[in-house]
Structure formats: structure tokens, C-alpha cells
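Participant: Fold the following, please.
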Amino acid sequence: MQHSTARYLIFFQYAGTKYSGVMKTPADQAVEGVENHLENAVQKLKPVNEVSVSISSRTDTGVHALCNSAHVDIQRRADKPPLLEQTLVDALNFHLKAEPIRITRACRVHSDFHARYQAISRTYVYRFALGLRHHTEMPVTERDLCWALRDTRLNIDAMQEASALLIGTHDFSTFRALNSETPFKNPVKTLESARLEPGVSFCQRHFHRDIQFWELTFKSRSFLYRQVRRMTGALVAVGQGRLSVSQIQELLKARDSLAFPNNLTAPAHGLFLTNVQYRETDLGCLNSNIII
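Facilitator: Below you'll find the predicted structure:
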């Protein structure tokens, strides 16, 4: 008996606080990954095939996403046509309703499409706030979504000068944390943009306290393990006067993960994956480029 198979690219968002990260964890691990819940939701659609979700962009424990992506094959019985894209979105969200995970869009793609390898860029935003004596002063609407800094002001000009040094093609070895994949990952990456600009928050209009929000945005085809959090921590240290602009250049030139100062990595909870971009030609089901 023949079965109808379709591959879908799905875009999804999540609050990462309660998860071990986006990647699937073993059944005996207490804290699950986002991928566990995505696969469970697809499984509840009762496909004929074994469910396997291929995530485009890894995120760590506590890191959030407004737009991550993955591809998945769904094989239905011979008497059932492939699911319509919006039907798939609605069905998955129904089964995910108990979790802080939402499918935002689905696109049927070619059978050889790969969500990870065909992504042409990824954009991360790191959010931090100034003027808080302690993290408990953070408004509840920003809990676990922003890095609380005690500083009332930062040297913004120095931070912008330092961030400009990171743009372009470099060996970012100093700005990656070591893990089991380190020997297999090329440390040379091309950072398309690194910019600092004022941020916004719902609480600014309604919370009567002088809290300044800022955002660092980084865009590249791919990033090394904890690269964004290390770059953010180093740039904030420049703003605080703990590192100089020239020291950022020295860290780049060192090309050594162990040269990165201790306790300088920014915490996970201020980091958001905000966009995964693909070429129009790779998304055969669409008439226009997807940029979400």
C-alpha cells in the first residue's frame, strides 16, 4: 500500500526557561528539550512513519526563540492527502497548548530540503536593562527575559566601537565555549552585523521606575557554541569600563577559548533567536522569500 509523504518546514517560537535547550533529550532525563514536545505533537497526528524533527538552530538551556525552524516528514495513509500547511499549524498548536511553544508557520518543501544546512542566516538579539540594584527589581513582565544590570549608564560609544571590530570574517575561537563538538567546528565565521540600540518593553509605559532597555543584535550564517553570549558579555564589560576596546581586538587575535576572561559570559535568559532565513529558491512552495 502506498502512503502519501510530505516534508514540511515549520517555524516555531518558545520561552526557553523550563527546557534543557531546543534539542531532544533522552527519556530518562528529567528536564526535556523543546524538540521532545515538537515530536510528541507530530506523533499525535498519527503519521505512518517514525517521527523525527530536524532542528535548524541549537539553543541552550534558558535561551528563547521568536523564530526557530525545523523540517519534519509526515507520511499519511494512502487514502489521506498531505496536510495543508495551515491545518498542520493549527493541529500542532492544539497539541502544544500546555507548553510555552507555538508554531507560527509551516511550508511544504522538497523532499531533500534540510532546515539546518540550507539556512543562509540566523539573527540573535540579546536584551539587557540598566538601573536595577538586584534582579528581583525586574518587572514581572521581563522575568527571565532580560539581563538585569546594576549600572545606571554604560559607555555606549565604546561598546559600538568594540562591536564594529567583530563584524566581518574572523577566527572566533576566543569567543566560543569548549564542548564535545569543538574539534569538528570551523572557528572562522562571518559576522554580517553587530549593532547596539535602545530596546523597548511593555513595562516602560506602565512601570514607574527609570529602567533603560538595550538590545545587541548579531547576524551570521552560523555561530559557535555560546559565541553570542560571550560577545555580549565582552561588549557589556567594555561599556562598564572593565575591558577596553583594544582588549576586544586582542581577544580576537588570541584565537584561544581559554583567553576569554572568567565570569564574563552573559547569562542565557537575555538571549533570543529572532530569525532563520532561507533562499526563495530553496522554498519551492512559496512565491516569496520567508523572513520571519
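Participant: List the residues that contact residue 83.
Facilitator: 6, 8, 45, 74, 76, 91 (Cβ atoms under 8 Å, 6 or more residues apart in numbering). C-betas here are computed from N, CA, C, even on glycine.
Participant: That one and residue 44, how far apart?
Facilitator: According to Cβ to Cβ, to the nearest Å, residue 83 stands 13 Å off from residue 44.
Participant: Could you tell me which of the contacts of residue 83 are located in helices?
Facilitator: Among these, DSSP state H puts residue 91 in helices.
Participant: Between the contacts of residue 83, identify the one with the most neighbours.
Facilitator: In terms of neighbour count, residue 8 stands highest of those at 23 neighbours, by other Cβ atoms under 10 Å.
Participant: Name whatever forms a beta bridge with that residue.
Facilitator: Listed by DSSP bridges, the beta-bridge partners for residue 8 are residue 72, residue 108.
Participant: What separation do you get for it and residue 257?
Facilitator: Computed with Cβ to Cβ, the distance linking residue 8 and residue 257 is 37 Å.
Participant: swap in residue 159?
Facilitator: 22 Å.
Participant: again with residue 209
Facilitator: 39 Å.
Participant: who has more neighbours, those two?
Facilitator: Between residue 209 and residue 257, counted using other Cβ under 10 Å, the more crowded position is residue 257 (19 against 10).
Participant: Show the residue spans covered by the strands in the stretch 151-292 of the chain.
Facilitator: 168-171, 188-198, 212-220, 271-278 (DSSP state E, counting those that start in this stretch).
Participant: Would you mind pulling the contact partners of stretch 194-209?
Facilitator: When contacts are taken as Cβ under 8 Å, 6+ apart, the neighbours of stretch 194-209 outside the stretch itself are 127, 129, 131, 137, 139, 141-142, 146, 156, 159-160, 163-164, 166-167, 211-218, 231, 235.
Participant: How about that stretch, which residues are buried there?
Facilitator: When burial is assessed from 16 or more other Cβ atoms under 10 Å, stretch 194-209 yields the following buried residues: 194, 196, 199, 201, 203.
Participant: ok, residue 160 - how many residues close by?
Facilitator: Counted by other Cβ under 10 Å, the residues lying close to residue 160 total 17.
Participant: and residue 62, what does it touch?
Facilitator: Going by Cβ under 8 Å, 6+ apart, residue 62 touches 16, 17, 144, 267, 268, 269.
Participant: ChimeraX command for the buried members of the residues you listed?
Facilitator: If you want just the buried ones from the contacts of residue 62 in ChimeraX, going by 16+ other Cβ under 10 Å, the selection is:
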select :16,144,267,268,269
